[in-house]
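In: Quick one, what's the 3D model for this:
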Amino acid sequence: MTMAEKIILKGRKVVGGVAEGEAIVSRGPTMGWGNFDPRRGIITERGHELEGVKLKGKVFVFPTPRGSGGWFYFGMTSVYGSNPVAMVYKKGNALTVHGALALGKPTVTDLDRDPTEVIETGDWVKVDADKGIVEVTKKSK
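Out: Sure, this is the predicted structure:
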């Protein structure tokens, strides 16, 4: 029996709290306005690698936002119960901060390593936003 590989990333808190769950990773930027359905908690952008994938109960990992203030829609998932349990992103802006605040779930950014290169869909991720720590347990291969 082998021990699962653990990786610790250090970053900056956007919204505090602690949560954990299976990662869902977008390698490309994500967009809110017209490309995300908060009621179902899915990305609806045609051709996006996560098109149709549910974010509910997952740790949503992505590189950067794309587009306008539609990022608020990611936060609206909390209203409908279709929300991710946490978010981790490489580089954000006012849009992602606004979405994270509306979501109200632990969110970390500005990590010491690119989370989209370290974390894979299916990895188990614990986000301790209060400490700015993201602990990744790699999925078994």
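In: Return the longest strand seen in the chain as PDB; C-alpha atoms alone will do.
Out: Using DSSP state E to define each element, the chain has its longest strand at strand 18-25. Extracted C-alpha coordinates of strand 18-25, given in PDB (Å, rounded to 0.1, in the frame of the first residue of the first chain):
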ATOM      1  CA  VAL A  18     -12.300  25.800   5.300                       C
ATOM      2  CA  ALA A  19     -13.800  23.300   2.800                       C
ATOM      3  CA  GLU A  20     -12.700  20.200   1.000                       C
ATOM      4  CA  GLY A  21     -13.800  18.100  -1.900                       C
ATOM      5  CA  GLU A  22     -13.000  16.600  -5.200                       C
ATOM      6  CA  ALA A  23     -11.400  19.100  -7.700                       C
ATOM      7  CA  ILE A  24     -12.900  20.100 -11.000                       C
ATOM      8  CA  VAL A  25     -10.200  21.800 -13.000                       C
END
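In: following that strand, which helix or strand shows up next?
Out: strand 30-31 (DSSP states H and E).
In: related to what we said a few turns ago, for the longest strand of the chain, packing partners?
Out: Under the contact criterion of 3 or more Cβ pairs under 8 Å, 6 or more residues apart in numbering; DSSP states H and E, strand 18-25 touches strand 59-62, strand 86-89, strand 124-128. For the C-beta atoms, the positions are set from N, CA and C on the backbone; glycine is no exception.
In: I'd like those as a markdown table, with distance to E135, mean neighbour count and mean pLDDT appended.
Out: Shown next, in a markdown table, are the helices and strands packed on strand 18-25 (distance: least, Cβ to Cβ, whole Å; neighbours: other Cβ atoms under 10 Å; pLDDT from 0 to 100):
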| stretch | distance to E135 | mean neighbour count | mean pLDDT |
| --- | --- | --- | --- |
| strand 59-62 | 11 | 27 | 94 |
| strand 86-89 | 11 | 28 | 94 |
| strand 124-128 | 4 | 22 | 98 |
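In: In terms of helices and strands, where is A102?
Out: A102 belongs to helix 94-103, assigned by DSSP H and E.
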